[in-house]
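Chemist: need a 3D model of the following:
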Amino acid sequence: MSDDKKAFWETLPGLLTGIAAVITALTGLIAIFVHSNSRSSLADRAEARDERPGERSMASAPAYPKHRDTPRVADVSGSWRDLILGTQVRIQQKGNLLTTETMNPLTGQHLASGTGVISGRKIEGPYQWVDGSRYVASLDLSEDGTRITGSYRNTYTGQSGAVSLTRQ
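Modeler: From the prediction side, this is the model:
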C-alpha cells in the first residue's frame, strides 16, 4: 500500500490559502503606502499655502494670527441602520478616518467591513463583503447629521446602487 498523501500546500485548498495570504499582505502594504502618500501630500499642500518667512514686510502683516477656515470634521461614529438592506452599520471614527462594520441586525453576523475618510460632509472609502466582493462608497452626511446617503460601486463588475443610512 503506497502512501500518496500530499503536503497541505500542494493541495488545492492549500494553494488557495497561500494565494489569499499573499493577496491580503499585498493589499495591506498598498493601503499603507497609499495612505502615507495621501497624508504627506496633504501636508505638502498645507505647507505650500503658508507664506515663507520674509515674503511680507512686517508693516503689511496683520496684528492678529492668521486664521484658516478648515472644515469641521463631523462626528459620524455610532450605530446606523441601512434603510435599503435593513442591516446595521457601526462606524468608528478617529479624526477624519473611519472604520465600518456591517452586520445582520437579527443574528449579529458580520457581513462587511471597510474604511473611509470624511471631509466636511463627504464620506468616501472602500469596503468588502464576506463573500469577497469589493465596493467603493461615495456618500454625503445630511446637514443635521442624522442621514448618510449616496452610492456604491462594485470595483470588479461596475454594478452600482444607492445607500441610505439613518442614525440610530
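Chemist: what's the average pLDDT for stretch 132-146?
Modeler: Across stretch 132-146, the average pLDDT comes to 92.
Chemist: could you list the domains of the protein?
Modeler: The chain breaks down by automatic domain parsing into domains covering 8-48, 78-167.
Chemist: so which strand or helix has the spatially most central residue of the chain?
Modeler: Taking CA atoms, centre = their mean, the centroid of the chain lies closest to G116, which sits 1.9 Å from it. For G116, the host element (DSSP states H and E) is strand 110-119.
Chemist: repeat that for T27.
Modeler: In the assignment (DSSP H and E), T27 maps to helix 12-49.
Chemist: helix or strand right after that helix?
Modeler: Counting by DSSP H and E, what follows helix 12-49 is strand 78-82.
Chemist: for that next one, buried residues please.
Modeler: Buried residues in strand 78-82, counted by 16 or more other CB atoms under 10 Å: W80, D82. To be clear about C-beta, it is placed using only N, CA and C from the backbone, and glycine gets the same treatment.
Chemist: residues near the closest residue to the residue nearest to the centre of the chain other than its chain neighbours, how many?
Modeler: Closest residue to G116 apart from its sequence neighbours, by CB to CB, 6 or more residues apart in numbering: G125 at 2.6 Å. Neighbour count of G125, defined by other CB atoms under 10 Å: 18.
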